[in-house]
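Chemist: what shape does this take:
(chains A and B)
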Amino acid sequence: MAVSPLLPRSPSNINANMSPAKAKSLTVRNSSSASASTSGKPTQPKQEFDLAEKMNEEIASKYVKGKKLGEGTFALVYRGHLRSDPSHLVAIKKFKIPSQPEQRSEGLNVDSIREIKYLQELSHPSIVALLDVFSTKDETINMVIEYFPNGNLEQLIKDQSVAYGAADVKAWMGMLGRAIYFCHANFVLHRDIKPNNLLIAADGEVKLADFGLARGFADPYANMTHVVITLWYRPPELLFGARHYSGAVDVWSMGMVFAELLLRVPYAATMSDKEIAQLETICEAVGTPNEENWPGVSSLPNYMEMEKQVPVRGRDYYMAKFPTAGAQGVDLLMAMLKLDPNKRVTAKQVLEHAWWRVEPRPTDRENLPKQGGGAEKMGEDVARQPGVLADHDKFQGVARRLDFAALK
Amino acid sequence: MVMSGMQNGHIASEADDICPVCKNSTYLQKNLRFKINTKCYHRICEGCVDRITSTQKKCPIAGCTFAARGVIPRRGEYRVQTFEDLAIEREVDIRKRVMAILNRREEEFYSKRAWDDFLEQREELIMNLVLKTDVKKTEATLSKYKEANADSIKANAALERNAAAQFESRQTLQKEQANLRRQAAQQTYEDDRFHTLTAGSRDVKAGAMEVIHDDGPVSDPSGLVKGLRKLRPPSPEKVYDPFMGMATTRDYYGLQADYPSMRLTKAKNDTRTRAGGFDFQAYYDESLLRAFAGLGCFIDKEKTGQGPPATRELATVVAAESLPGRINDEVF
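Modeler: Numbers count the residues shown, from 1 in each chain, chains lettered A, B, ... in the order given. Model (predicted):
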């Protein structure tokens, strides 16, 4: 029980079941014979390795860092693979060191701490798996996560060459719904749900990623920040500056993702980065919040009387706007896009909705559309690594076709 | 060359299409249309069809064997010709009829060999009817098979329609959207189907049948077709569970609508907290879970005096924790 929840998920874990005493003896042995490191990496272990350093070294040497996949403001993402199994691809997210010295003195980036903290705690098929965490010599943190060859849902929505139907949308919403329910059941608010953060795994499963803004549910007297969630997916209570909110904020974002999946364009997209502009967009898309449809809204810190007065959009409006969702789908969407967070459905109620039981049945995971080369592309990459039989299956099929033995 | 004796050498030609009954010709009457009888394949104009079927006459063509036998053609038996060559028209009709009866599917057969044998057998029956050899015997065989296998014929016909409908809808989708993905998916589907067929496993798409025993080939009830597998209808698809087995309740407690707490009164009465959507239920839930989760504490059972927890792992944990001298290094 005292073992970190992180360790069992680490692939081919060599030190998960190792007693501290054994690990220590290993350390002593290794430090006495200077280069007994198991890997081929040219490391020069210091004479005085403490246990933490030794374990870090062991984890870091399990992976081989490959080419750079992407770069963000705070992090670089590399492709990597297991040293022991080059076909086992991973992504390594390396948090950048702040360039300014004054920022550096603040220590680790808060986002990276949040992300590691919550990903360590949450283990679910629809949430990105954190495999390992290690630090490198330049004192940066590296997160090892699953490898996603198929990009994210945003790319898929934008890719006009990819066609998907109501059954596919239902399958993705199921995955997203389960991920959010799992977070909320474990008292974690994600606070940045958007198609861009929904990664498509090799097997078609969509996984919730980027817990950089996540936090635990708060005490009613603790203030939370309202400047979270990407603007287009931010619920009205956060735009009005609410300091005490709940999982309803994630449900709004989920509703926005649902609408975007159906429309293939963001439902409440605003060109300006002003919160007031976003509120106007919401008025247009959902309706204008007022005391009638949202008791107490005027007491929120940043509340303002909206110029644009639009009555809350009714069923007919949604039916015309989202014909592919069907009556039940529209019902669920409307329930997720309620202005008053108290009236909004919870993540649990989303999964209990009748929509899941009506036709069409959600597409099976393996039949979901995936863009790009998918597994094939991944296979090609793998084939370049030594010692891998990527074409193994290809020729098996041929042999089967020419099976004359069955005719005898 | 093409069994011209059968339909009195009557092959349509554009220039002079004359109805053998009323002698009207397309030369004089541009919109003259012809129909054929599906029994004797004699071809007369639509006007004559109306006339002879309403007055209950025999096929009016001289020398028609059906007319000689006194068979009265009904109106429904006349239809528009599809093929120019009536010999082909007749063969296609026979083929359709036989294939609707002998409609076994490839996956029903125990081996490729058995399937091929079946195809050959079917072809032989068809050609018997086409060439009018052993017609009586062949018809008897067919009707015997039809009676004995009524269920299987019906099921296979439904599958066939299903597959056809699926194919149709897929085609329209492709035409509408002209998209590459669906085409690729269908290709994969075809490949998969081929593989599942050749590998001998069941066809998961199209709701095909499932193999029960693999204890050797069997023959159908009438004994005509051999080398079949024993099949049963596929088990119905599992109902989709949106939770995918995730727990929806807490183990140790049930949540009440409200808990009296002095500390929370102020927050509960704060409109800002309320309007922001702060969820007190979630707060209670978290507080209670944090209070009870690590303890393996069954409040109900303790109250009723039912003794230690039933779960084995939990009991192990409790037993380990109650050991004297054990230092609990876990700090909550």
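
Chemist: up against chain B, what does the stretch 201-350 of chain A have?
Modeler: Residues of the stretch 201-350 of chain A lying near chain B by C-beta under 8 Å from any C-beta of the partner chain: A:217, A:219-221, A:237, A:242-249, A:294-297, A:299-301, A:340-342, A:344, A:346, A:348. Placement of C-beta: from N, CA and C, glycine included.

Chemist: filter these down to just the ones in helices.
Modeler: Of these, the ones assigned to helices by DSSP state H are A:E237, A:A248, A:V249, A:K348.

Chemist: so is stretch A:175-182 next to chain B?
Modeler: Yes - for stretch A:175-182 and chain B, the contact criterion (C-beta under 8 Å from any C-beta) is met by A:G177, A:R178, A:Y181, A:F182.

Chemist: got the contact list for that stretch?
Modeler: Stretch A:175-182 is contacted from outside by A:122, A:124-127, A:190, A:193, A:198, A:205-208, A:247, A:250-251, A:254, A:257, A:347-348, A:350-351, B:242-244, B:246, using C-beta atoms under 8 Å, 6 or more residues apart in numbering or on different chains.

Chemist: could I have that stretch exported to CSV, CA atoms only?
Modeler: Coordinates of each C-alpha in stretch A:175-182 appear next as CSV, following Å, rounded to 0.1, in the frame of the first residue of the first chain:
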residue,chain,number,x,y,z
MET,A,175,-15.4,7.4,-23.8
LEU,A,176,-15.3,11.1,-22.9
GLY,A,177,-18.3,10.7,-20.5
ARG,A,178,-16.6,7.8,-18.7
ALA,A,179,-13.3,9.7,-18.4
ILE,A,180,-15.1,12.7,-16.9
TYR,A,181,-17.3,10.6,-14.6
PHE,A,182,-14.2,8.8,-13.4
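
Chemist: report the buried residues of that stretch.
Modeler: A:M175, A:L176, A:G177, A:R178, A:A179, A:I180, A:Y181, A:F182 (16 or more other C-beta atoms under 10 Å in any protein chain shown).

Chemist: just stretch A:198-207 next, same as before
Modeler: In stretch A:198-207, counting by 16+ other C-beta under 10 Å, buried: A:L198, A:L199, A:I200, A:A201, A:A202, A:G204, A:E205, A:V206, A:K207.

Chemist: equivalent analysis for stretch A:315-334, please.
Modeler: Buried, per 16+ other C-beta under 10 Å, within stretch A:315-334: A:317-319, A:321-322, A:325-326, A:329-334.

Chemist: can you show me the strands along the chain?
Modeler: Since no chain was named, I'll use chain A. A:63-71, A:75-82, A:89-95, A:130-135, A:141-146, A:188-189, A:198-200, A:206-208, A:215-216 (DSSP state E).

Chemist: meant chain B, my bad for not saying
Modeler: B:34-37, B:43-45, B:78-79, B:210-211, B:231-232.

Chemist: pick out the shakiest of those strands, pLDDT-wise.
Modeler: Lowest mean pLDDT of the strands of chain B: strand B:210-211, a mean of 56.

Chemist: got the residues of the stretch 151-300 of chain B near chain A?
Modeler: B:177, B:179-182, B:185, B:194-195, B:198-199, B:237, B:239-240, B:242-244, B:246-248, B:264, B:267-268, B:270-280, B:282-283, B:285-286, B:289.

Chemist: let's see 6 Å
Modeler: B:177, B:179, B:181, B:198, B:240, B:242-244, B:267, B:271-279, B:282, B:286 (C-beta under 6 Å from any C-beta of the partner chain).

Chemist: among those residues, which lie within helices?
Modeler: Reading helices off these with DSSP H, I get B:Q177, B:R181, B:T198, B:A267, B:T271, B:R272, B:T273, B:R274, B:A275, B:A282, B:E286.

Chemist: among these, which ones are buried?
Modeler: B:R181, B:A267, B:R272, B:T273, B:R274, B:A275, B:A282, B:E286.

Chemist: turn the residues you listed into a markdown table, columns for pLDDT.
Modeler: Below are these laid out as a markdown table (pLDDT from 0 to 100):
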| residue | pLDDT |
| --- | --- |
| B:R181 | 70 |
| B:A267 | 89 |
| B:R272 | 88 |
| B:T273 | 89 |
| B:R274 | 88 |
| B:A275 | 90 |
| B:A282 | 91 |
| B:E286 | 90 |
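
Chemist: where does pLDDT dip in the stretch 51-200 of chain A?
Modeler: Scanning the stretch 51-200 of chain A for pLDDT under 70 picks out A:72-73, A:98-106.

Chemist: what residues are up against B:N103?
Modeler: Taking C-beta atoms under 6 Å, 6 or more residues apart in numbering or on different chains as the contact definition, B:N103 lies against B:I153, B:N156.

Chemist: ignore the last one, A:Y147
Modeler: A:L89, A:V90, A:A91.

Chemist: still on that earlier bit, would you mind checking the contacts of stretch A:175-182 for buried ones?
Modeler: Here, 16+ other C-beta under 10 Å leaves A:122, A:124, A:126-127, A:190, A:193, A:198, A:205-208, A:247, A:250-251, A:254, A:257, A:347-348, A:350-351, B:242-243 buried among the contacts of stretch A:175-182.

Chemist: so how far does stretch A:144-153 reach from one end to the other?
Modeler: End-to-end distance of stretch A:144-153 (C-alpha to C-alpha, to the nearest Å): 21 Å.

Chemist: buried residues in it?
Modeler: Neighbour-count burial for stretch A:144-153 [16+ other C-beta under 10 Å]: A:V144, A:I145, A:E146, A:Y147, A:F148, A:P149, A:N150, A:N152, A:L153.

Chemist: I'd say the fifth one and A:L199 touch.
Modeler: The one in question is A:F148. Yes - with contact defined as C-beta atoms under 6 Å, A:F148 reaches A:L199; the gap is 4.4 Å.

Chemist: pick the one among the contacts of A:Y147 closest to chain B.
Modeler: A:L89 (22.7 Å; C-beta to the nearest C-beta).

Chemist: mind checking how far the nearest residue to that closest one once chain neighbours are set aside is from chain B?
Modeler: Leaving aside its sequence neighbours, A:L89 sits nearest to A:Y147 (C-beta to C-beta, 6 or more residues apart in numbering or on different chains; 3.9 Å). Distance of A:Y147 to chain B, computed by C-beta to the nearest C-beta, to the nearest Å: 23 Å.

Chemist: list the contacts of A:Y78.
Modeler: A:K65, A:K68, A:I92.

Chemist: now with 7 Å?
Modeler: A:K65, A:G66, A:K67, A:K68, A:L69, A:I92, A:K94 (C-beta atoms under 7 Å, 6 or more residues apart in numbering or on different chains).

Chemist: lowest confidence element among the helices and strands of chain B?
Modeler: Here the helix or strand of chain B ranked lowest by mean pLDDT, DSSP states H and E is helix B:312-322, holding a mean of 49.

Chemist: fine, thanks again, bye for now.
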